[in-house]
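> give me coordinates for this.
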Amino acid sequence: MDYISYKTKYANKQGVNKQWVVVDASSQPLGRLASQVAYLIRGKHKPSFTPHVDGGDHVIVLNAEKVALSGNKWIKKSYTTYSGYPGGLKHATPQEVQASNPKRIIEHAVKGMLPKNRLGRKLLHNLHVCVSSIHPYAAQQPTAITLKY
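Here you go, the predicted structure:
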């Protein structure tokens, strides 16, 4: 006989309702945009949030080249990559990264706000960054939302 009248319900990957959401990144601060996008990807806005399940939404970020950085961050901030070989340490400013691949700035910021484990790497697949305002995900019928910051 079960004497506990209320049991905690945990979501599993079969019972999760995933939505598609569109976010416009034009003239939004990078950190505030990335924190709210990570919040949506993680699924923390849903009442069925479970920490060990991919229960978040798919987020499409538009206008990645128009994201804003405050102060001198376009010049002073540095992205570092290391190949693993001697002399393989490379530094790049956000201007250089945006010139080569504007999507990488938003992807890097959101990745830093997700868990550092297998689930975090899986959740990053729910982020879809587009450079312009046109995206190829019209078949999923995404809903446009405005982020409050």
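
> quick one: low-confidence parts of this structure?
1-2 (pLDDT under 70).

> that one: strands as residue ranges?
20-24, 58-62, 79-82, 89-92, 127-129, 143-144 (DSSP state E).

> could you dump these to TSV with distance to residue 45 and mean neighbour count?
C-betas here are computed from N, CA, C, even on glycine. Shown next, in TSV, are those (distance: least, CB to CB, whole Å; neighbours: other CB atoms under 10 Å):
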stretch	distance to residue 45	mean neighbour count
strand 20-24	10	19
strand 58-62	11	21
strand 79-82	29	10
strand 89-92	33	12
strand 127-129	16	21
strand 143-144	13	10
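
> which helix in this structure has the most residues?
helix 30-42 (DSSP state H).

> what residues of that helix count as buried?
30, 33, 34, 35, 36, 37, 38, 40, 41, 42 (16 or more other CB atoms under 10 Å).

> and what of stretch 137-145?
Residues of stretch 137-145 classed as buried by neighbour count (16+ other CB under 10 Å): 140, 142.

> stretch 102-110 now?
Buried residues in stretch 102-110 (16+ other CB under 10 Å): 102, 103, 104, 105, 106, 107, 109, 110.

> now do the contacts for the second one.
What it means is residue 103. For residue 103, the contact set (CB atoms under 8 Å, 6 or more residues apart in numbering) comprises 64, 129, 130, 131.

> what's the closest of these to residue 115?
Residue 115 has its nearest neighbour among these in residue 129, at 19.5 Å by CB to CB.

> grab the nearest non-local neighbour of the closest one.
Computed as CB to CB, 6 or more residues apart in numbering, the closest residue to residue 129 that is not its neighbour in sequence is residue 103, at 4.2 Å.

> and that neighbour, how far from residue 88?
Counting by CB to CB, to the nearest Å, the gap from residue 103 to residue 88 is 23 Å.

> picking up where we left off before, top of the contacts of residue 103 by neighbour count?
When the contacts of residue 103 are compared by neighbour count (other CB atoms under 10 Å), residue 129 ends up highest, at 23 neighbours.

> perfect, I'm done here.
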